[in-house]
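# pasted the sequence and its predicted model underneath.
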Amino acid sequence: MIVNSQEELEGLKKAANAVAVTLVKMKEFAKVGISTKELDDYGAEILASFGAISAPIKDYEFPGHNCISLNNEACHGVPSADKILKEGDLLNIDVSAELNGFYGDNGASFIIGEDLNNHMPLVTASNEILNIAISSIKKDVKICNIGWLIQSEARKRGFQVIHNLFGHGIGRKLHESPQRVPCFMDKTIKERFQKNSVIAIETFISTKARYLYEMEDGWTLRANDNSFIAQHEHTIVVTDKEPIILTAANGN
């Protein structure tokens, strides 16, 4: 989406704030002993309080209001009453929603309680690299160059990036043009960031794997080598200077 008016920008801000606040509250609610289904139900209540509608349900008939991925589940994890959070778990929450015709999308990986399994370097890398990437995005920057930046920063820290998941355009739909904003150098992508375009920019930082595969539930993605993956995501508006981070309220 290209933002053409102040009214559109305000609509995007409201949708983005709804998902950002929901993400923050879900992170605060997540604790040892609750299920990912309980966490999802809580997130659904927060979205409803804004009048927002879960984008995964609205657009894809996803079996949950939010994607909640646990440990080796990389993304698109299905909330379940059987998945109980434990000390040291690596958890990812991805919240996206529609509000009054506009969409917002954001996500974060974090650790439940004490970092028993040394996931913090991965989580920190994902978050830091996302912010480095965002600070480098402006009008006319090549999309593939941001992918190379993310990949390079991950390698400096001893990590890999996922090659079959992408950030994307967003606005009036959850997924819009550009359809692929990668975490790696993809020379086939010739597009440049356009001024006033709305982008869901995200990192997928991995301990080893470069590709993810669909699990039997038809939704959840994970690596086939037991890699762990951390993800962080913001919805931004590209400018000719620093981007406007619409989901800044999530604290990433």
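Cool, the structure landed.

# from here on, contacts and neighbour counts on C-alpha atoms
Noted.

# tell me which stretches of the stretch 51-200 of the chain form strands.
For the stretch 51-200 of the chain, the strands defined by DSSP state E, counting those that start in this stretch cover 53-54, 67-70, 73-75, 90-99, 102-111, 160-161, 167-169, 176-181, 198-206.

# buried deepest among those, which one?
Using mean count of other CA atoms under 10 Å, the stretch among the strands of the stretch 51-200 of the chain with the greatest mean number of neighbours is strand 198-206 (a mean of 30).

# state the mean pLDDT of that strand.
In this model, strand 198-206 has a mean pLDDT of 98.

# show me what that strand is packed up against.
Contacts defined by 3 or more CA pairs under 8 Å, 6 or more residues apart in numbering; DSSP states H and E place strand 198-206 against helix 120-135, strand 160-161, strand 167-169, strand 229-237.

# report the angle between the longest one and strand 90-99.
By that I understand helix 120-135. 30 degrees (axes from the mean of the first three to the mean of the last three CA atoms, to 10 degrees).

# got the CA coordinates for helix 120-135 in CSV?
Extracted in CSV, the C-alpha atoms of helix 120-135 (Å, rounded to 0.1, in the frame of the first residue of the first chain):
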residue,chain,number,x,y,z
MET,A,120,19.1,-15.3,24.5
PRO,A,121,21.9,-14.7,22.0
LEU,A,122,19.6,-15.8,19.2
VAL,A,123,16.7,-13.7,20.4
THR,A,124,18.9,-10.6,20.9
ALA,A,125,20.4,-11.0,17.4
SER,A,126,17.0,-11.2,15.8
ASN,A,127,15.8,-8.0,17.6
GLU,A,128,18.9,-6.0,17.1
ILE,A,129,19.2,-7.0,13.4
LEU,A,130,15.6,-6.0,12.8
ASN,A,131,16.3,-2.5,14.1
ILE,A,132,19.5,-2.2,12.1
ALA,A,133,17.6,-3.1,9.0
ILE,A,134,14.8,-0.7,9.7
SER,A,135,17.3,2.2,10.2
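
# buried ones in the helix ranked longest in the chain?
Ranked by number of residues, the top helix in the chain under DSSP state H is helix 6-29. Across helix 6-29, burial judged by 16 or more other CA atoms under 10 Å covers 8-9, 11-27.

# what does that helix contact?
If you take CA atoms under 8 Å, 6 or more residues apart in numbering as the criterion, helix 6-29 is touched by 3, 39, 42-43, 46-47, 50, 52, 93-108, 171, 235, 246-251.

# recalculate using a threshold of 7 Å.
Under the criterion CA atoms under 7 Å, 6 or more residues apart in numbering, residues 3, 39, 43, 46-47, 50, 95-99, 102-106, 246-247, 249-250 lie in contact with helix 6-29.

# with stretch 45-55 instead?
Here stretch 45-55 has contacts from Ala18, Thr22, His65, Ser96, Ala97, Glu98, Leu99, Leu174, using CA under 7 Å, 6+ apart.
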